[in-house]
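[1] following is a predicted model, sequence given first.
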Amino acid sequence: MNICIREFCEADLKQLAVLENELFSAPWSEAMLLESCQKGYSWVMETETGEIIGYLIGELVLDEFSLYNLAISESRQNHGFGFRFLTFLKEKMRQLACRKIFLEVRSRNQSAISLYRKSGFQPLYLRRNYYSQPVDDALTMVYELKQEGNTDEKL
């Protein structure tokens with residue numbers, strides 16, 4: 001299947017809202033999605049027919065990217081699309097001289113945790129009772145990007 005990853009545009013909002021409601025127990029409203037997409041970094045993954053099968057929303061502050069939402073349509077999960085999206089994100093952030101990518105994931109979402117680990121993310125810590133509907137802990141994870149010519153030392 002041919003897919004492309006491109007920047008979000010406002011015309012995508014309705015399809016993003018459908019995915020959001022399909023996938024999340026506490027979905028973001030259309031207004032929240034639009035605000036996040038407009039102020040941060042956001043991409044959609046779509047098929048050659050124009051069907052949006054996933055999206056990614058985050059924010060870059062200085063040299064750290066916070067991944068707020070990665071969503072892949074339920075019917076397209078476990079086919080490598082999430083991994084492709086994360087590979088795309090890591091390369092895009094490398095080009096922007098980003099040093100770290102952070103995310104939070106429900107501690108009970110073993111499928112997502114497995115994807116993030118496979119993509120090189122490492123667990124940092126647990127935030128107790130972070131999520132509601134249902135209540136769950138958040139596992140905070142990080143991916144450290146290697147930059148060519150980086151001579152900074154860790155403190």
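    Thanks, I have it.

[2] helices along this protein, start to end?
    Assigned by DSSP state H, the helices in the chain fall at 13-23, 30-39, 81-95, 110-118.

[3] other SSEs contacting the longest one?
    Using 3 or more CB pairs under 8 Å, 6 or more residues apart in numbering; DSSP states H and E as the contact criterion, the elements in contact with helix 81-95 are strand 3-7, strand 41-47, strand 52-61, strand 64-72, strand 100-106, helix 110-118. Placement of C-beta: from N, CA and C, glycine included.

[4] buried ones in that helix?
    For helix 81-95, a neighbour-count test (16 or more other CB atoms under 10 Å) marks F81, G82, F85, L86, L89, K90, K92, M93 as buried.

[5] just how off-centre is it within its chain?
    Centroid separation between helix 81-95 and its chain, computed with CA atoms, centre = their mean, to the nearest Å, is 9 Å.

[6] count of residues packed around F8?
    F8 is flanked by 22 other residues according to other CB atoms under 10 Å.

[7] so what's it up against?
    By CB atoms under 8 Å, 6 or more residues apart in numbering, the contact set of F8 is L16, C37, S42, W43, V44, Y55, I57.

[8] hang on, the earlier thing: output the buried residues of helix 81-95 in JSON lines; the columns should cover distance to N129 and pLDDT.
    Converted to JSON lines, the buried residues of helix 81-95 look like this (distance: CB to CB, whole Å; pLDDT from 0 to 100):
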{"residue": "F81", "distance to N129": "31", "pLDDT": "95"}
{"residue": "G82", "distance to N129": "26", "pLDDT": "94"}
{"residue": "F85", "distance to N129": "28", "pLDDT": "95"}
{"residue": "L86", "distance to N129": "27", "pLDDT": "96"}
{"residue": "L89", "distance to N129": "28", "pLDDT": "96"}
{"residue": "K90", "distance to N129": "30", "pLDDT": "97"}
{"residue": "K92", "distance to N129": "33", "pLDDT": "95"}
{"residue": "M93", "distance to N129": "30", "pLDDT": "96"}
